[in-house]
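Q: Sequence first, predicted coordinates after that:
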Amino acid sequence: MKLDSLEKLYVHELKDLYSAETQLLDAIPKMEQAASDDELKQAFAEHLRETRAHVTRLERIFSEMDFAPGGHRCDAMEGLIEEGESLLKSDIEPNVLDAALVAAAQRVEHYEMAGYGTARAYAEKLGRHEAADLLQQTLNEEGHANQTLTRLAERSLNFLAMQATHE
């Protein structure tokens, strides 16, 4: 598809988000399983539930358009996931791994927030107000997930990782 209009750029952004979210459906359970902290495991489990809802919202937006959600691969998300998976294969102390998983997950959240913010702005400009509302709802959830990860890191996980280096 030639990107020769805001409408087509909007569709491209939505396809990118859809690909990113569907890739995360496979990646998040691996992160949850690798985490040793129960609250971090819970945060990953909650975000997996939200990610399923994000996919459903995107499919709902696509159902109102003449485009299908597939047919595009989000290379950026693929790279972020590969970076996170490399942590899982490394020789890393469990508490340090938890801190590293938070960092990897926050990179993902920030990428998603940028994408959803952009898609929402395009939807608003194109007069697709229902889609803009759905995209804003997802953007809010991504922001909340990021805040949860920050809170976990600052309240305990970074401290536990620091303690691991002194033992």
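A: On my side now, so go ahead.

Q: so who does the residue nearest to Ala34 when sequence neighbours are not counted touch?
A: Leaving aside its sequence neighbours, Ala34 sits nearest to Leu88 (CB to CB, 6 or more residues apart in numbering; 5.1 Å). C-beta here means a position set from N, CA and C on the backbone, and glycine is covered the same way. When contacts are counted by CB atoms under 8 Å, 6 or more residues apart in numbering, Leu88 is found next to 30-31, 34, 97.

Q: Give me the buried subset of those residues.
A: Taking 16 or more other CB atoms under 10 Å as the criterion, what is buried in the contacts of Leu88 is 31, 34, 97.

Q: Secondary structure, pLDDT and distance to Leu25 added to those, as TSV?
A: Formatted as TSV, those follow (DSSP: H, G, I helix; E, B strand; the rest coil; pLDDT from 0 to 100; distance: CB to CB, whole Å):
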residue	secondary structure	pLDDT	distance to Leu25
Met31	helix	95	12
Ala34	helix	95	16
Leu97	helix	96	22
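
Q: Specify which member of those residues is nearest to Thr56.
A: The shortest approach to Thr56 among the buried ones among the contacts of Leu88 belongs to Met31, at 21.2 Å (CB to CB).

Q: My read is that that closest one contacts Phe44, right?
A: Yes. Between Met31 and Phe44 there is a contact at 5.3 Å, judged by CB atoms under 8 Å.

Q: Between these two, which contacts overlap?
A: With CB under 8 Å, 6+ apart as the test, Met31 and Phe44 both reach Ala105.

Q: Work out for me the element the residue nearest to Ala34 sits within.
A: Using DSSP states H and E, Leu88 sits within helix 75-89.

Q: Buried residues in that helix, which are they?
A: By neighbour count with 16+ other CB under 10 Å, helix 75-89 contains the buried residues 76-77, 80-81, 84, 87.

Q: Cheers, nothing more for now.
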